[in-house]
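In: after the sequence you'll find the predicted model.
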Amino acid sequence: MILTGGTVDSVGADRLDLAWYFETAQRLGHGELVNRLPELAAIAAVEEIPFRAVSSQALVDKDWLDLNRKIHDIFDQDRADGIVITHGTNTLEETAYFLNLTLKTERPVVIVGAMRPSSALSADGYLNVFNAVKVAAEPSSRGLGCLVAMNDAIYGARDVTKNSTFRVDAFTSRDLGPLGFADADGKVIYYHAPRRKHTTATEFDVRGTQALPRVDITLSYANADGAMIAAAVAAGAKGIVSAATGGGRPTPAEDTAFDKAHREHGLLMCLSSRVVSGRVVRSPSLAKRGFIAADNLQPWKARILLSLALTKTSDADAIQRMFDTY
């Protein structure tokens with residue numbers, strides 16, 4: 001079990017501190033999370049491995065690259081049959097998708113978090129962690145890519161998202177639903193498996209990578225101009241993901257700025273959508289302009305895939321193939 005921080009091991013001011021606990025800056029001590037779950041001994045031998053205890057919104061690319069290497073080191077030394085990663089929920093889905101694209105293992109890697117701190121009345125983290133270990137120890141979890149275990153459900157990394165700020169059922173997979181459940185009778189049950197390629201089937205191996213290309217996200221809204229796009233260019237972005245309106249429609253002013261950035265600086269543009277679900281498709285005119293369509297990936301996940309793609313190529317057609325594959 002690799003601990004990266006987040007709500008799951010946070011300690012609030014009292015048992016009803018469900019909102020401001022992060023201001024206490026207190027966490028469970030090393031080994032304390034596992035010690036509070038003696039029931040784990042019936043499932044697996046669990047070793048806590050500290051990584052870096054930070055709020056998930058503070059994570060940067062280097063943290064992901066280091067975490068990727070940490071996981072590979074553990075498996076390369078044959079120290080574990082599976083790994084559970086405790087994680088803050090704010091960017092849990094982004095870490096999960098990055099690992100889903102870059103890990104070179106079929107052994108289970110399960111990410112888990114909590115919506116209430118460890119000190120809370122009816123804290124959800126303890127059962128979430130127990131279930132995550134159960135999922136990681138389940139032989140049928142092998143080969144499913146990076147998984148997320150929250151609130152009894154098991155999600156695939158590509159499609160899972162946080163859908164609520166405070167509720168314990170905050171996580172969902174939008175149109176597709178969970179892959180299965182860590183159920184009340186103690187069984188781990190799967191009903192379907194991811195079809196998009198992941199882990200050992202991807203072309204992304206970042207174990208020797210020290211930095212990733214910068215990719216920024218711009219948000220479309222009524223009256224949006226090209227200022228944020230120009231700022232991304234000035235900051236050194238190699239690609240931009242547009243969280244556009246509807247089926248992937250930026251404003252006219254943004255369109256003009258995108259074309260200028262592509263023409264003058266070679267930036268790659270990826271169109272996604274700000275809406276809750278649905279695909280963004282690559283029309284002939286978008287292909288001619290050198291745009292990439294994100295399919296049904298949310299903007300923050302499209303950013304991860306575009307950044308990894310840029311480590312391989314700057315050809316828009318080749319990167320579109322990756323978006324259609326992963």
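Out: Yes, it's here.

In: give me the sheet partners of the helix or strand harbouring Ile154 and which way each runs.
Out: Per DSSP states H and E, Ile154 falls inside strand 153-156. Neighbouring strands of strand 153-156 in its sheet, by DSSP bridges, are strand 146-150 (antiparallel), strand 180-182 (antiparallel).

In: partners of the lowest-mean-pLDDT helix or strand in the chain in the sheet?
Out: Every helix and strand in the chain was compared by mean pLDDT, DSSP states H and E; the lowest is strand 49-50, with a mean of 88. Strand 49-50 has the following strand partners under DSSP bridges: strand 2-3 (parallel).

In: show me what the helix or strand just after the strand holding Ile154 packs onto, helices and strands only.
Out: Counting by DSSP H and E, the next helix or strand C-terminal to strand 153-156 is strand 161-162. Secondary-structure packing of strand 161-162 (3 or more Cβ pairs under 8 Å, 6 or more residues apart in numbering; DSSP states H and E): helix 92-102, strand 171-172. Just so you know, the C-beta spots here come from the backbone N, C-alpha and C atoms, and that holds for glycine as well.

In: closest to Val281 out of those?
Out: Proximity to Val281 (Cβ to Cβ) singles out helix 92-102 among these, at 20.7 Å.

In: give me the helices and strands touching the closest one, please.
Out: Other elements packing on helix 92-102 under the criterion 3+ Cβ pairs under 8 Å, 6+ apart are helix 61-76, strand 109-112, strand 146-150, strand 161-162, helix 299-310.

In: comparing these, which comes out most buried?
Out: Counting by mean count of other Cβ atoms under 10 Å, strand 146-150 has the highest mean neighbour count of the helices and strands packed on helix 92-102, with a mean of 29.

In: quick check: mean pLDDT of that one?
Out: Summarised as a single mean, pLDDT over strand 146-150 is 98.

In: which outside residues touch that strand?
Out: For strand 146-150, contacts defined as Cβ atoms under 8 Å, 6 or more residues apart in numbering pick out 89, 92-93, 96-97, 99-100, 103, 108-113, 128, 131-132, 135, 141, 154-157, 160, 170-171, 179, 182, 198-199.

In: centre of the chain to that strand, how far?
Out: 10 Å (Cα atoms, centre = their mean, to the nearest Å).

In: and the residue minimising distance to the centre of the chain, how far is that from Ala120?
Out: What sits nearest the mean C-alpha location of the chain, by Cα atoms, centre = their mean, is Glu94, with 2.0 Å. Glu94 sits 25 Å away from Ala120, going by Cβ to Cβ, to the nearest Å.

In: quick one: buried residues of stretch 29-46?
Out: Neighbour-count burial for stretch 29-46, counted by 16 or more other Cβ atoms under 10 Å, picks out 33-34, 36-37, 40, 43-44, 46.

In: do the same with stretch 205-215
Out: Within stretch 205-215, the residues scored as buried using 16+ other Cβ under 10 Å are 206, 212-215.

In: got it, and stretch 76-90?
Out: 80, 82-90.
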